[in-house]
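Participant: the sequence isn't on hand, but the structure is:
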């Protein structure tokens, strides 16, 4: 079942206390765009849209204070094994 869903982004630093102004890198599945927030909210809005406060990840993020980073992968070309053959009738880009 997990192969039907796009892999989550990988935050390359471990969680916990970081040195002040430490850069944080995020890796995405091939072909995906990473959206993130720094206030702990989900970068996804209703119906799979992008939240208005979400940013696209392009370069390492510098963390200057206590922060809750939330990241999601999005690939509009991702296709599930949906419908035929008893697979679930959904798509999850």
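Facilitator: It's in. The structure presented is a predicted model; accordingly, all values stated were derived computationally and were not measured.
Participant: just give the nearest non-adjacent residue to the residue nearest the centre of the chain, would you?
Facilitator: The centroid of the chain falls nearest to residue 72 when counting by CA atoms, centre = their mean (1.3 Å). Nearest non-adjacent residue to residue 72, counting by CB to CB, 6 or more residues apart in numbering: residue 43, 4.9 Å away. The C-beta positions use only the backbone N, C-alpha and C, and glycine is treated the same way.
Participant: again, but for residue 11
Facilitator: Spatial nearest neighbour of residue 11, chain neighbours left out: residue 26 (5.4 Å); criterion: CB to CB, 6+ apart.
Participant: isn't residue 75 up against residue 48?
Facilitator: No: the criterion here is CB atoms under 8 Å, and residue 75 misses it with residue 48 at 11.9 Å.
Participant: please say which of those two ends up with more neighbours.
Facilitator: Per other CB atoms under 10 Å, whichever of residue 75 and residue 48 has more neighbours is residue 75, with 16 against 11.
Participant: circling back to that earlier point, beta partners for the residue nearest to the centre of the chain?
Facilitator: residue 35 (DSSP bridges).
Participant: what's the pLDDT at it?
Facilitator: Predicted confidence (pLDDT) for residue 72: 90.
Participant: just residue 92 next, same as before
Facilitator: 57.
Participant: and stretch 40-56, what's buried?
Facilitator: 43-44, 51, 54 (16 or more other CB atoms under 10 Å).
Participant: quick revisit: now that the residue nearest to residue 11 has come up, it's in contact with residue 72, right?
Facilitator: No: using CB under 8 Å, residue 26 makes no contact with residue 72, being 10.3 Å away.
Participant: now do the shared contacts for the two.
Facilitator: 9, 34, 36 (CB atoms under 8 Å, 6 or more residues apart in numbering).
Participant: and the first one, how many neighbours?
Facilitator: This points to residue 9. Neighbours around residue 9, by other CB under 10 Å: 21.
Participant: likewise for the last one?
Facilitator: Residues near residue 36, counting by other CB under 10 Å, number 18.
Participant: next one: residue 66
Facilitator: Residues near residue 66, counting by other CB under 10 Å: 7.
Participant: understood, closing this out.
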